[in-house]
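**Student:** I'd like to go over a predicted model; first the sequence, then the structure.
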Amino acid sequence: MDSISVNQFRDNLKTYVEQTVSEHEPIKVTRRAGEPFIVMSAEDWEREQETLHVLQSSNLMQQIADSALTHNKKDGYKPTQEQLDEITNI
C-alpha cells in the first residue's frame, strides 16, 4: 500500500482517486498532527465488508469448510446435464 502525505493527496486528489479506483489498491494518507486514514474505492470497500461478514459468521465458515471437504473427496453435489444447461444458458 502506498503511503502519501495529506498535502500530496490534496494537491493531486483527482490523480490519486483515479489510481485507487482503477488499480484497486488503497492509499494510506498520513497527517502530521493526526491519525492516518485510508482511501479505497467503494467497490473494494464493499468487497471487504462482505469478506468480514463471511469470516464473522460461524455458520457460513462451516458451510465453506464442509464444501471444501466434499470437494476434496470428489463427493460433492453433481448437477444433472439439464441443470448445467440451465445455468450456462442464462
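**Tutor:** On my side now, so go ahead. A quick note: this is a predicted structure, and the numbers were derived from the prediction, not measured.

**Student:** for the nearest residue to F9 once chain neighbours are set aside, give its distance to E46.
**Tutor:** Nearest residue to F9 in three dimensions, chain neighbours excluded: V29, at 4.8 Å (C-beta to C-beta, 6 or more residues apart in numbering). The C-beta positions use only the backbone N, C-alpha and C, and glycine is treated the same way. Relative to E46, V29 is positioned 20 Å away (C-beta to C-beta, to the nearest Å).

**Student:** one more: Q8?
**Tutor:** 27 Å.

**Student:** neighbour count winner among those two?
**Tutor:** Q8 (15 against 10; other C-beta atoms under 10 Å).

**Student:** helix or strand: which one has that one?
**Tutor:** helix 6-11 (DSSP states H and E).

**Student:** residues contacting that helix, please?
**Tutor:** If you take C-beta atoms under 8 Å, 6 or more residues apart in numbering as the criterion, helix 6-11 is touched by 16, 27, 29-32, 39.

**Student:** which ones among those lie within strands?
**Tutor:** Per DSSP state E, strands hold the following members of the contacts of helix 6-11: 27, 29-31, 39.

**Student:** any chance of those in JSON lines with pLDDT and distance to L84 as columns?
**Tutor:** Output for the ones in strands among the contacts of helix 6-11, formatted as JSON lines (pLDDT from 0 to 100; distance: C-beta to C-beta, whole Å):
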{"residue": "I27", "pLDDT": "97", "distance to L84": "43"}
{"residue": "V29", "pLDDT": "97", "distance to L84": "48"}
{"residue": "T30", "pLDDT": "97", "distance to L84": "52"}
{"residue": "R31", "pLDDT": "95", "distance to L84": "54"}
{"residue": "V39", "pLDDT": "97", "distance to L84": "43"}
